[in-house]
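**Q** next come a sequence and a model predicted from it.
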Amino acid sequence: MSPALKAGLPMPLTPRRTLCLLLLAGSVVRAADRPAQEPAPQPPAPPSFSSESDLVVLQVMVFDRKGDALRQLPREVFHVVEDGTPQTITMFSGDEAPVAVGLLVDNSSSMLTRRNMVNAGVMAFAEANKPEDQAFTIVFNEHVRRGLPETVAFTNNPILLQASVAALPPGGQTALHDAVIAGLDQLAAAEHQKHVLVVLSDGEDNASRQREDEMLRRAERSNALIYAVSTARLDANVGNERLLRKLARGTGGELYTPRTERDVVAAVGDIGVKIRQGYTIGYVPTNSAHDGSYRKLIVRVLAPGMRAPVVHVRDGYLAPLHSHGR
């Protein structure tokens, strides 16, 4: 048995392994083009909260003081406050639901010495996905590229996900802002209600067409949870961990700062668990103005006899600018 397997790490991407992945991925795509002999059983449809145009949908995760997820909490213990005004929750689900999730992989020159960590993260991401999930990858340097073939918008196939990143050698500058916006656009096309982005990068940006404030504005307008796996601490002269932290925490996600391949695998695995343990809450805001203003959010979990838990949720959102035809 190889040392990597003994240590519980994914196998390294050697040229031969990369070629095998690409060949297997091609087989998967070709097989997908053939009509299936027998339709696969479909999982139950997740709850949909898109019936009201002004509905605000929040992904909320609740943890005790030890960091363990609190599950099966009733709707009654959740309280949403928008700009200081209590809101009425009209939609609620605490059931585990499939997710639409994208992995954004920094493939610029600054990541060249961290290639093994990147490979470990990609493999851990591929293995963490569930059969009912909709997953995709985006690889970026100064160019932002979808990792999957043009005919495949989303997949749950781990081989295809690994191969979608393996063939591109690192190099060039970094367009992080553009990559995040592209990831949010891709999530908007997903069928699943829960949207997640995982950003594997040092946070540097020196090539984007879009500015930082536009990226943050788009993140605030979306309902996506963004998790960042930062490699910035490995080199004091490279990266922008501050931006990654702001991006993650502003959307209700979390920042991870791994130092080894094992740490990356643990971080991505932890993300894979957490995104399935939360609650989905929907409400129609009492402020019905479509003025594009930023609305500050607080979600509290209050129950008799319960010590105040830790609640992860986005800090706020941008109200729509259009009237939706009304």
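**A** Cool, got the structure.

**Q** could you use CA atoms for every contact and neighbour count after this?
**A** Will do.

**Q** mind listing what the nearest residue to His143 once chain neighbours are set aside touches?
**A** Spatial nearest neighbour of His143, excluding adjacent residues (C-alpha to C-alpha, 6 or more residues apart in numbering): Ala175 at 6.8 Å. Neighbouring residues of Ala175 by C-alpha atoms under 8 Å, 6 or more residues apart in numbering: 140-144, 205-209.

**Q** where's Ala175 relative to Gln134, distance?
**A** 24 Å (C-alpha to C-alpha, to the nearest Å).

**Q** ranges for the strands of the protein?
**A** In the chain, the strands defined using DSSP state E lie at 56-63, 78-82, 85-87, 89-93, 99-106, 134-140, 144-146, 194-201, 225-230, 255-256, 279-283, 294-301, 310-312, 316-318.

**Q** quick one: contacts of the third one?
**A** Put plainly, it is strand 85-87. 79-81, 283-286.

**Q** ok, now the first one?
**A** For strand 56-63, the surrounding residues in contact (C-alpha under 8 Å, 6+ apart) are 49, 69-71, 194, 223, 225, 252, 274, 277-285, 309-314.

**Q** what do you get for stretch 127-135?
**A** Looking at what lies outside stretch 127-135 - C-alpha under 8 Å, 6+ apart - the contacts are 43, 98-103, 154-158, 161, 190, 192, 268-269, 272.

**Q** now swap in stretch 239-257 and tell me
**A** Stretch 239-257 is contacted by residues 59-60, 202-204, 216, 219-220, 223-233, 267, 312-316 when judged by C-alpha under 8 Å, 6+ apart.

**Q** so for it, mean pLDDT?
**A** Across stretch 239-257, pLDDT averages out at 95.

**Q** which residues of the stretch 201-326 of the chain score low on pLDDT?
**A** 323-326 (pLDDT under 70).

**Q** got a pLDDT number for Ser50?
**A** 37.

**Q** make 59 the starting number, not 1.
**A** Okay, residue one is now 59; in that scheme the one you just asked about reads as Ser108.

**Q** for His201, give me the pLDDT.
**A** For His201, pLDDT reads 96.

**Q** could you measure from the residue lying closest to Phe136 once chain neighbours are set aside over to Asp141?
**A** Once flanking residues are discounted, Phe136 sits nearest to Val359: 4.8 Å by C-alpha to C-alpha, 6+ apart. Distance of Val359 to Asp141, computed by C-alpha to C-alpha: 17 Å.

**Q** neighbour-wise, which of the two wins?
**A** Val359 (19 against 13; other C-alpha atoms under 10 Å).

**Q** hmm, Val139 and that one touching each other?
**A** No: Val359 is beyond contact range of Val139, at 11.5 Å (criterion: C-alpha atoms under 8 Å).

**Q** how about Tyr375, what does it touch?
**A** Per C-alpha under 8 Å, 6+ apart, neighbours of Tyr375: 278-280, 352-355.

**Q** switch to 7 Å and redo it
**A** By C-alpha atoms under 7 Å, 6 or more residues apart in numbering, Tyr375 lies in contact with 278-279, 352-354.

**Q** picking up where we left off before, from the contacts of stretch 185-193, list just the buried residues.
**A** Among those, the ones that count as buried by 16 or more other C-alpha atoms under 10 Å are 156-161, 212-216, 219, 248, 250, 326-327, 330.

**Q** so Asp236 makes contact with Asn264?
**A** No: between Asp236 and Asn264 there is no contact under C-alpha atoms under 7 Å: 10.8 Å.

**Q** comparing those two, which residue is more hemmed in?
**A** More crowded of Asp236 and Asn264, by other C-alpha under 10 Å: Asp236, with 23 against 12.

**Q** show me the domain layout of this protein.
**A** Annotated domains of the chain cover 114-154+337-376, 157-332 [automatic domain parsing].

**Q** which of the ones you listed is buried the deepest?
**A** domain 157-332 (a mean of 21; mean count of other C-alpha atoms under 10 Å).

**Q** centre of the chain to that one, how far?
**A** The chain centroid and the centroid of domain 157-332 are separated by 7 Å under C-alpha atoms, centre = their mean, to the nearest Å.

**Q** that domain: end-to-end distance?
**A** 11 Å.

**Q** any idea how far the residue nearest to Met175 when sequence neighbours are not counted is from Ser151?
**A** Spatial nearest neighbour of Met175, chain neighbours left out: Glu319 (4.8 Å); criterion: C-alpha to C-alpha, 6+ apart. The gap separating Glu319 from Ser151 is 35 Å, by C-alpha to C-alpha.
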